[in-house]
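>>> From the sequence below, what's the structure:
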Amino acid sequence: DTEEYSESKGYKGRKYPGIGSGLIRVPKTKNEFYMLTDRGPNFDNVNGVGRVYGKIFPIENFAPAIVHVKLENKTIVVINSIPIVDSFGNSVTGISNNKDDETPFDINERVIPYRPGGLDTEAIQLLPDGNFLISEEYGPSILVVSPKGQVLMRYLPKGKANKDTPYPVKDSLPEIFKNRRSNRGFESLALSPDGKTAYAILQSPMGDPKSAQYSNSRVVRMLRLDCRNPLDIKVTGMFLVLQSNMSDYPATSKQADLKFSDAAMLSDTQILLLERATKKVKLIVADLKNATNILDLPISLSLEPEEKTESLDTINIKPAETSIAFNSVDVFFDLDTDKLEGMTVLTPSVVALSNDNDFALGENTTNYPSR
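Here you go, the predicted model:
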């Protein structure tokens, strides 16, 4: 609710819930969905010369939430909101975990202490036991969250677990994922229909986009996870998939601006990916049937694959084969946002998409709603 924000900061005192970062249909329903907020209202803290040196969080204790909604014609009706909480029932908040993330500030531009339990939630799936599987960007990490919103386990890259985190954690993900770009973690999450296998996909390639080595990289890593025991998830694979070339997005000026923002499993080897950039969205089928599982290869421990975007064959790696299922410029598509971030497959021919409207802050200069 923006009513508590300062009028001098430009807010209108209207409600702009940001509930489209993740999207899945509620089982056995037609028009009910679980949607997901991200870390909450935030915007850049900019100094006098335009340099961004952190994020302002106007609602410091905002609880990222799973939101149960019903679609009535063109209206999203909220049935229930489930705040994500720690083992003590307190909000996990959306505040940065450590110095690897943006420096957090309050509305008065005072530094907020890092919160090791803070989450920037981005994608959601529903496990057979009724718990939620959620991916987030800070770790990057994977979470198991109860139907009541309590974090039961968080899986982080090796070496990133913090003993002060107020809920259970395991640092069992490959250490290389600590190299994810800032604010570009596990944006996408796909789950098999039987709930046994999940894929967590980074939003972008790893490696500093300001470096010539990685500025044009299109290599994105995905992890395959054995979820049969949600409280003891095992990593069983690491694969590569190539994003489109920036030339496919004429309104985009940098390769690093392309993003994978959600995923869904179509078969045992096929994953549907939501790819976006300025003024355009594509749905891409990535087939892992012939892709190289690099999990146990020495090269998985380095960023060499990200450097070899155009010559992965020289290091004997096959990325996923890709094909385009949907291109927003090919059809009439009222695309008033560059932040389509939620996706779920409803039928073999129908896909639902949702947008992150940033709570009408930051990049959302036109107050476009959640849709």
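>>> Roughly how far does Arg180 sit from Pro157?
Plainly put, Arg180 is 9 Å away from Pro157 if you go by Cβ to Cβ, to the nearest Å. All C-beta atoms are positioned from the backbone trio N, CA, C, and that covers glycine.
>>> quick one, which of those two is more surrounded?
For Arg180 and Pro157, the more surrounded residue by other Cβ atoms under 10 Å is Arg180, and the numbers stand at 23 against 19.
>>> Where does Leu283 fall, secondary structure wise?
Using DSSP states H and E, Leu283 sits in strand 280-287.
>>> so which helix or strand takes in the nearest residue to Ala123 once chain neighbours are set aside?
Nearest residue to Ala123, sequence neighbours excluded (Cβ to Cβ, 6 or more residues apart in numbering): Leu189, at 3.7 Å. Following DSSP H and E, the helix or strand that holds Leu189 is strand 186-191.
>>> Tell me the first helix or strand C-terminal of that strand.
Going C-terminal from strand 186-191, and assigning secondary structure by DSSP H and E, you next hit strand 197-202.
>>> tally of neighbours for Leu36?
Other residues within reach of Leu36, judged by other Cβ under 10 Å, total 30.
>>> can you offset everything so residue one is 8?
Got it, first residue is 8 now, which makes that one Leu43.
>>> What separation do you get for the nearest residue to it once chain neighbours are set aside and Ala359?
Nearest in space to Leu43, with sequence neighbours left out and distances taken as Cβ to Cβ, 6+ apart, is Gly29 at 3.2 Å. Using Cβ to Cβ, one gets 12 Å for the distance from Gly29 to Ala359.
>>> ranges for the strands of the stretch 158-307 of the chain?
If DSSP state E, counting those that start in this stretch is used as the criterion, the strands of the stretch 158-307 of the chain fall at 158-164, 176-180, 193-198, 204-209, 226-233, 241-249, 266-272, 277-284, 287-294.
>>> From the contact counts, what lies against the first one?
Read it as strand 158-164. Contact here means 3 or more Cβ pairs under 8 Å, 6 or more residues apart in numbering; DSSP states H and E; on that basis strand 158-164 packs against strand 148-152, strand 176-180.
>>> picking up where we left off before, kindly state the pLDDT recorded for the residue nearest to Leu43?
What the model reports as pLDDT for Gly29 is 98.
>>> Near it, how many other residues are there?
Burial measure for Gly29: 32 neighbouring residues, criterion other Cβ under 10 Å.
>>> check contacts around it.
41-43, 128-131, 141, 196, 269, 348-349, 361 (Cβ atoms under 8 Å, 6 or more residues apart in numbering).
>>> follow-up on the earlier one: correct me, but the residue nearest to Ala130 touches Leu133?
No: here Leu196 lies out of contact with Leu133, judged by Cβ atoms under 8 Å, at a distance of 11.0 Å.
>>> Between the two, point out the one with more neighbours.
Leu196 (25 against 18).
>>> ok, the more buried one - contacts?
Listed by Cβ under 8 Å, 6+ apart, the contact set of Leu196 reads 29, 129-132, 140-142, 149, 205-208, 269-270.
>>> Run a quick neighbour tally on Glu79.
Applying other Cβ under 10 Å, we find 9 residues neighbouring Glu79.
>>> Give me the distance between it and Ala72.
Taken as Cβ to Cβ, the spacing of Glu79 relative to Ala72 amounts to 20 Å.
>>> do Gly27 as well
Going from Gly27 to Ala72 by Cβ to Cβ gives 12 Å.
>>> Quick check: neighbours shared by the two?
Common neighbours of Gly27 and Ala72, using Cβ under 8 Å, 6+ apart, are Leu43.
>>> What are the boundaries of the helices in this structure?
Counting by DSSP state H, the chain forms helices over residues 311-314, given from the N-terminal end onward.
>>> And for the residue nearest the centre of it, nearest residue in space, chain neighbours not counted?
Closest residue to the average C-alpha location of the chain: Glu194 at 1.9 Å, with Cα atoms, centre = their mean. Excluding its sequence neighbours, the residue lying closest to Glu194 (Cβ to Cβ, 6+ apart) is Gln210, at 3.6 Å.
>>> Please tell me I have it right and that neighbour contacts Lys266.
Yes: Gln210 is within contact range of Lys266, at 4.9 Å (criterion: Cβ under 8 Å).
>>> returning to that earlier point: look up how far Ser268 lies from the residue nearest to Glu194.
If you go by Cβ to Cβ, the gap between Gln210 and Ser268 works out to 7 Å.
>>> which residues are common contacts for those two?
Common contacts of Gln210 and Ser268, defined by Cβ under 8 Å, 6+ apart, comprise 129, 194-195.
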